[in-house]
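Student: give me coordinates for this.
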Amino acid sequence: MSPLHPIFLNILGRTPESGKVKTRLIPLLGAEGATKAHESLLTHVVHTGLTWCLGAGNRNILLWCTPDTRHPFFDGLLPHNQRRLQPDGDLGVRLNHIAVSQLVNNQHVILLGGDAASITVKILDQTQAALRHHDAIMAPTEDGGYALLALSRYHAGLFQKISWGTASVAEETRKFFSAMGWQWKELPMQWDVDRPQDWQRFEKLRLKHPSRRL
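Tutor: Below you'll find the model as predicted:
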């Protein structure tokens, strides 16, 4: 990929509202604790993205926020000119909007969940390299979804008729790639944080590497 062609890492993030984020962690952490966990996860993912951006001059990062971009928490992550507002709708509608808005002016787009705790700078490097020779890159998660999706081509059907929030998301996406005849690459299995055991795993990871940008 030529340095003249920018590439944007697009991270999805939600305003940290108590009782509305990481609700499956509430039995373990309480509503306020789950909110703090949400903040820790998004901070971790953004810091990973910022570290990746330092590796090449053509790399950029955007935080796609919902339901607004001006929450004080976001001020500590990225300046306002690197924040965008997610549209209303299900995850497919939102991912489609981001992909379309980026591919209008750019050759590639990377979409990343705000709780994708296991995604590293190395994985992002591998993603960018693979986009040179593939139409799509997917990093599936252990729960059947995906943590990362990167595209160098687009079709509206990619985000339609997907059972969002279920264990079949990654498999349905694979079937779409195959049906379209796309050249695609699957990265090693990842994990995100939804359940108490996921949070405990993330905590162990942070204790193991307290000063490392994972």
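Student: C-alpha only now, for contacts and for neighbours.
Tutor: Noted.
Student: that's a helix at residue 62, yeah?
Tutor: No: under the criterion used here (DSSP: H, G, I helix; E, B strand; the rest coil), residue 62 is strand, not part of a helix.
Student: and the gap between it and residue 145?
Tutor: 22 Å (Cα to Cα, to the nearest Å).
Student: so which of these two has more stuff around it?
Tutor: Between residue 62 and residue 145, counting by other Cα atoms under 10 Å, residue 145 is the more crowded of the two (24 against 21).
Student: verify the contact between that one and residue 174 for me.
Tutor: No: with contact defined as Cα atoms under 8 Å, residue 145 does not reach residue 174; the gap is 11.0 Å.
Student: what segments of the chain are helices?
Tutor: Along the chain, counting by DSSP state H, helices occupy 26-53, 72-75, 91-103, 121-130, 169-180, 196-208.
Student: and the most centrally placed residue in the chain, what is it in contact with?
Tutor: By Cα atoms, centre = their mean, the chain has its centre lying nearest to residue 112, at 1.4 Å. Listed by Cα atoms under 8 Å, 6 or more residues apart in numbering, the contact partners of residue 112 are 9-12, 147-149.
Student: among those, which ones are buried?
Tutor: The neighbour-count test (16 or more other Cα atoms under 10 Å) marks 9-12, 147-149 as buried among these.
Student: among those residues, which are located in strands?
Tutor: 9-12, 147-149 (DSSP state E).
Student: from these, which is closest to residue 38?
Tutor: residue 12 (12.2 Å; Cα to Cα).
Student: residue contacts, the closest one?
Tutor: Residue 12 makes contact with 63-65, 111-114, according to Cα under 8 Å, 6+ apart.
Student: coming back round to it: can I get the ones in strands among the buried ones among the contacts of residue 112 in JSON lines including distance to residue 82?
Tutor: JSON lines is the format used below for those (distance: Cα to Cα, whole Å):
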{"residue": "9", "distance to residue 82": "11"}
{"residue": "10", "distance to residue 82": "10"}
{"residue": "11", "distance to residue 82": "11"}
{"residue": "12", "distance to residue 82": "12"}
{"residue": "147", "distance to residue 82": "21"}
{"residue": "148", "distance to residue 82": "19"}
{"residue": "149", "distance to residue 82": "20"}
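Student: got JSON lines for those residues, with distance to residue 54 and pLDDT too?
Tutor: Below are those laid out as JSON lines (distance: Cα to Cα, whole Å; pLDDT from 0 to 100):
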{"residue": "9", "distance to residue 54": "12", "pLDDT": "99"}
{"residue": "10", "distance to residue 54": "16", "pLDDT": "99"}
{"residue": "11", "distance to residue 54": "16", "pLDDT": "99"}
{"residue": "12", "distance to residue 54": "20", "pLDDT": "99"}
{"residue": "147", "distance to residue 54": "22", "pLDDT": "98"}
{"residue": "148", "distance to residue 54": "20", "pLDDT": "99"}
{"residue": "149", "distance to residue 54": "21", "pLDDT": "99"}
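Student: just give me the closest of those to residue 98.
Tutor: Nearest to residue 98 among those, with distances taken as Cα to Cα, is residue 10, at 7.8 Å.
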